[in-house]
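1. Generate coordinates for the sequence data below:
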Amino acid sequence: MWLIARRSFAESWTRLAATLLAAVFSIGLIAGALQFTLRAQEAVSGSDASEYSRADVLVQGGSADPDDPYSPPDGRVALGAVAGRPGVAAVAGDAMVPVTASGPDGKPILPPAGAGTTLRPWTPDGRLNPYHLESGRAPAADGEVAVTRHVARAGRLDVGDTLKVLLPKQSRDMKIVGVVTVQGHGSVASGDLVLAPPGTVAQAAGLPAGTWQSVWVKASGPASELRAALARDLGKDLTVRSAADVRHAQSAELEGAGGAIGGAIGMISSVAVFVGLFVVANTFGTLVRQRTRRLALLSAIGATPRQIRRLIRFEALVLGAVASAGGTALGYPVSALLTHLFAEDGFDISAADAQFGWIALAVPAAAGILVTQLAARRAARRAANISPMGALRDASTETVGRRWPRVLGALAVFAAAWIFFGGVFGIRYEEPPGPERTAGTCVMTLLGCMTTVAALAVLAPFFVGPLGGLVGRVGTAVSGEAGRLARATITRSPRRVSSAASSLMLGVALVSSTAMIVLSVDARFDTAGKEVMRADHAVAATGMNSNGQAPLPRDAAGKAAAVPGVTAAAALTMSEVKLVSPPPRPPSPDEAPEPVYLTVTGADQRALPAVLKLGGRLPRLGDGQIALTSTVMKGQKIKKGRRIVVRGPGGRVALTVAAAYHDPSHLFADQALVSQATMDRLDPAAAAQVVLVRGGAERDLSRAFADAPGLKVLDRAGYVRTASGAMTKGMSVIYGFIGMALVLALFGMATTVSMNVGDRTREFGLLGAVGATAAQIRLIVRWEAATVVLLGSLLGLGTALGTVTLLHVATGSSFLAPNAPWWLFALVMTGATAATFATSALPARRAVAIASPTH
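-> Numbering: from 1, shown residues only. From the prediction side, this is the model:
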């Protein structure tokens, strides 16, 4: 059998090479998706370096959010109240000021993996200082900073360069005098650090002299005894925590965030994995089916069914092993491309290196071998059981006896799809209205639709007969005898046509469903955004950070209001607060409740009606009042007039719910709205996201902000596009996945078409011998390609329409409406036709060469 296998490889090397390339690209896409997922997870959870690594005890002013280890405390602590106490060896003040760092070109420097950038004081005492200078020196004067290594590398900065730092209320140019690492890492668990002299940080945080948000303490004895003593002596107005506990909490938070990010990206990657597995199974199954006659001949000369099965499985093993090795290597450049696309959307995972662990290497390799073995199993069983006489018939011809197993298999796959569709009802029952329920519903619906695509691929041969007959009748009317012959070959061999149409169906479904979703979302954003936004202009940052649009200085509104012709200017500031009272309801009596966070928008209430038109009866909010969207009020069972307590960076604040409103665009005030005075109490450091301007000329506004790089004056339509783009960040990497999956699906279709033509050498030679011309042979191949286009496009477009319709019904969202424009269907059909005929051009020439008398 070894000699037979070797000869089989030698005689069928062209088909094997085509199948091998399809398998390599498929495994490469699977490996790249897995590598990208692992790298993103490592970027989030891998940097567990902590600035508290040398501290033993932390004394925090007031209290801190127990559910967020990175939140600043809401009070103040005097440094002198801690220094000099028994057991205290050293102290250092600390404050956290969120900032945005930019290079000389004004482009924001993205912190690693969705984290943040904070301004922190340089710690002069070596017993508490965790920062190791890689180059330069410590900052000593106002305007000097040292930065963590990731800032320097991501911004391509070095000692002596200028760093633009956007503080909550102003923007400053600071000189980099040092580059540091923390415990050997280029960033810390909370993200990037910009280290300045203590006085600079205290002024930026608005702290009175001698007070800090927290104090780092070095113990001269056991840290636990010092913590207990300080907690006893300092009173209830301060929080005393072990630095080790804080570090452990940060590590746990990172681990959980890494798992969540990995899971989210894994769901996106599942599309690529599905396409890769589909193409491998389809191409290898086609390869084995085409060798039915040869395998039956081996049976006729004495080979046992077991030997034939072993032969096919051995070939599948060799093919799978080679494809796995090449695909795993190809996965690294694929992952690098996806990493670059992700960074373009404001999520930088370049801090994590490429992964070479056993998961990154073994899983794609095992997937390649497993899929080829599964694809070969059924074909090997059929080939081993076929008789030599039965092999003389066309191996692709469907018989009645083989149809019922296909129908039962498709029904089993449909039943598996309902496992995911059934999960939609569970999510809608358990989750309150909100982004979490919408996201979960979409994921389960998409998984169910992908499974349905596999079922349609199993049933595809049943559609070939009717569609082939239709195409054949058209072909007969147009091309005469060539059309009649094409109809006969199509209807006689439905599996041959359906194998190519299945790959096309997958590509059309991917492109069409993505296009429908994107067009629907963009159209809804555009319509609703223009309805809500009354302002004529918007001043916004052109760059992106990990939270979306880069912020603006809060004095930008005053600068815009001073421009001649401007009648109203309002800065929208945003911050995230935690709902403390009423407490969130647990999902079940046995589970702990999940904390509820709200995105709060602050705005000048006098200027707000002139720049925004929000739904509902929204009064002018005073200090201590808050308006909530109807979705939030329904989900948390809050009624108008109720007193609630929220916790922001400024501490706990009691607010009265003054009104319910609705922002149909979800771009300006998506969950809660307060006055600017209330926002100053919730988050004194809240940065402005945009300045909305009524009146004035765009040229005058641009001149007023000419000295602020990275800012741009936009009209209404321009800002709606910019804001919606920030809301839908992450689309570049999704487009990358879809694009590579589409190329792979088309390559799989081309491989299948080419192998089908190569399998018909005897047929085309016979047609040439009885007088068929080269033009007629080409027409036969092209009419078969037309059937592939019709079947693949109809099934793909139907799948796409069904997917978007199910998403709309399941979520109830107006942003996911199945209202595709007519030109999309025409464009998809044209693209599918062009791709199919382009991939069939070379096989058509081969068919003509086979049928020529000189062949």
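2. which strand is the longest one in this protein?
-> strand 566-581 (DSSP state E).
3. For it, buried residues please.
-> 566, 568-580 (16 or more other C-beta atoms under 10 Å). Heads up, the C-betas are built off the backbone N, CA and C, glycines and all.
4. With stretch 470-481 instead?
-> Using 16+ other C-beta under 10 Å as the test for burial, stretch 470-481 gives 471-472, 475-476, 479.
5. got the residues you listed as TSV, with distance to D522, pLDDT and secondary structure columns?
-> Putting the buried residues of stretch 470-481 into TSV (distance: C-beta to C-beta, whole Å; pLDDT from 0 to 100; DSSP: H, G, I helix; E, B strand; the rest coil) gives the following:
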residue	distance to D522	pLDDT	secondary structure
V471	36	81	helix
G472	41	78	helix
G475	40	80	helix
T476	44	81	helix
S479	43	80	helix
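6. can you give me the helices in the stretch 351-500 of the chain?
-> 358-385, 403-430, 435-479, 481-492, 494-532 (DSSP state H, counting those that start in this stretch).
7. What helices and strands are in contact with the longest strand of the chain?
-> helix 556-561, strand 597-603, helix 608-611, strand 643-648, helix 676-682, strand 688-695 (3 or more C-beta pairs under 8 Å, 6 or more residues apart in numbering; DSSP states H and E).
8. Out of those, which is the most enclosed?
-> Mean neighbour count (mean count of other C-beta atoms under 10 Å) peaks for strand 688-695 among the helices and strands packed on strand 566-581, with a mean of 24.
9. What count of nearby residues applies to the closest residue to T514 other than its chain neighbours?
-> Spatially, and ignoring its direct neighbours in sequence, T514 is nearest to I738 (5.3 Å; C-beta to C-beta, 6 or more residues apart in numbering). Around I738 there are 21 other residues, counting by other C-beta atoms under 10 Å.
10. you'd agree I738 is up against A509?
-> No - if you go by C-beta atoms under 8 Å, I738 and A509 don't touch, sitting 10.6 Å apart.
11. Please enumerate the helices of the stretch 151-300 of the chain.
-> Using DSSP H, counting those that start in this stretch, helices in the stretch 151-300 of the chain cover 198-205, 223-234, 243-289, 292-300.
12. Now the weakest link among the ones you listed, please, by mean pLDDT.
-> Among the helices of the stretch 151-300 of the chain, helix 292-300 carries the lowest mean pLDDT, at a mean of 66.
13. can you redo the buried residues of strand 566-581 as CSV with pLDDT and distance to L485?
-> Converted to CSV, the buried residues of strand 566-581 look like this (pLDDT from 0 to 100; distance: C-beta to C-beta, whole Å):
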residue, pLDDT, distance to L485
V566, 91, 75
A568, 92, 75
A569, 92, 74
A570, 92, 73
A571, 91, 73
L572, 93, 68
T573, 91, 72
M574, 90, 68
S575, 89, 72
E576, 89, 68
V577, 91, 73
K578, 90, 73
L579, 91, 72
V580, 89, 77
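14. before we move on, the earlier item: of all the helices and strands packed on strand 566-581, which lies closest to C449?
-> strand 597-603 (30.5 Å; C-beta to C-beta).
15. got a list of contacts for that closest one?
-> Strand 597-603 is contacted by residues 570-579, 612, 626, 628, 632, 646, 648, 668-676, 678-680, 682, 686 when judged by C-beta atoms under 8 Å, 6 or more residues apart in numbering.
16. repeat for stretch 321-336
-> Contacts of stretch 321-336 (C-beta under 8 Å, 6+ apart): 20, 23-36, 39, 280, 354, 360-361, 364-369, 372, 740.
17. buried residues in that stretch?
-> So, applying 16+ other C-beta under 10 Å, buried residues of stretch 321-336: 322-328, 330-332, 334-336.
18. R617: which of those residues is nearest?
-> After measuring the buried residues of stretch 321-336 against R617 - C-beta to C-beta - the closest member comes out as S335, at 51.5 Å.
19. Quickly find the element holding the closest one.
-> helix 305-344 (DSSP states H and E).
20. Save the helices and strands packed on strand 566-581 as TSV, and put in mean pLDDT too.
-> Shown next, in TSV, are those (pLDDT from 0 to 100):
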stretch	mean pLDDT
helix 556-561	87
strand 597-603	92
helix 608-611	93
strand 643-648	91
helix 676-682	92
strand 688-695	91
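21. Select, out of these, the one closest to A826.
-> The nearest among these, by C-beta to C-beta, is strand 688-695 at 37.9 Å.
22. next structured bit after the closest one?
-> From strand 688-695, the next helix or strand downstream (DSSP H and E) is helix 698-704.
23. thinking in terms of the whole chain, how far from its middle is that next one?
-> 37 Å (C-alpha atoms, centre = their mean, to the nearest Å).
24. Beyond that helix, next helix or strand please.
-> Remark: after helix 698-704, the chain's next helix or strand is strand 711-715, criterion DSSP H and E.
25. Need phi/psi at N129.
-> Here the main-chain torsion angles of N129 (degrees, to the nearest 10) amount to phi -80, psi 120.
26. can you pull the contacts of it?
-> N129 touches 54, 92, 122-123, counting by C-beta under 8 Å, 6+ apart.
27. So which of these sit within strands?
-> Per DSSP E, the contacts of N129 map to strands at A92.
28. If you rank the contacts of N129 by neighbours, which is first?
-> A92 leads these on contacts (other C-beta under 10 Å) with 24 neighbours.
29. circling back to that earlier point, taking the contacts of N129 together, which two end up most distant?
-> The most widely separated members of the contacts of N129, counting by C-beta to C-beta, are R54 and W122 (13.8 Å).
30. L682 and G650, how far apart?
-> Distance, L682 to G650, using C-beta to C-beta, to the nearest Å: 5 Å.
31. S220 against V91, yeah?
-> No - using C-beta under 8 Å, S220 is not in contact with V91, being 11.7 Å away.
32. Who has more neighbours out of the two?
-> V91 (23 against 12).
33. show me what contacts that one?
-> V91 touches 79, 82-83, 125, 128, 215-218, counting by C-beta under 8 Å, 6+ apart.
34. which one is L470 nearest to, not counting chain neighbours?
-> L790 (7.7 Å).
35. Now do the contacts for that neighbour.
-> Each residue near L790 by C-beta under 8 Å, 6+ apart is listed here: 467, 470-471.
36. Need the phi and psi values for V145.
-> Per degrees, to the nearest 10, the backbone of V145 is at phi -140, psi 150.
37. Y661 belongs to a helix, doesn't it?
-> No - counting by DSSP: H, G, I helix; E, B strand; the rest coil, Y661 is not part of a helix but strand.
38. Could you check the pLDDT of the closest residue to it other than its chain neighbours?
-> Nearest residue to Y661, sequence neighbours excluded (C-beta to C-beta, 6+ apart): G616, at 3.7 Å. Note for G616: predicted pLDDT of 87.
39. Nothing else from me, thank you.
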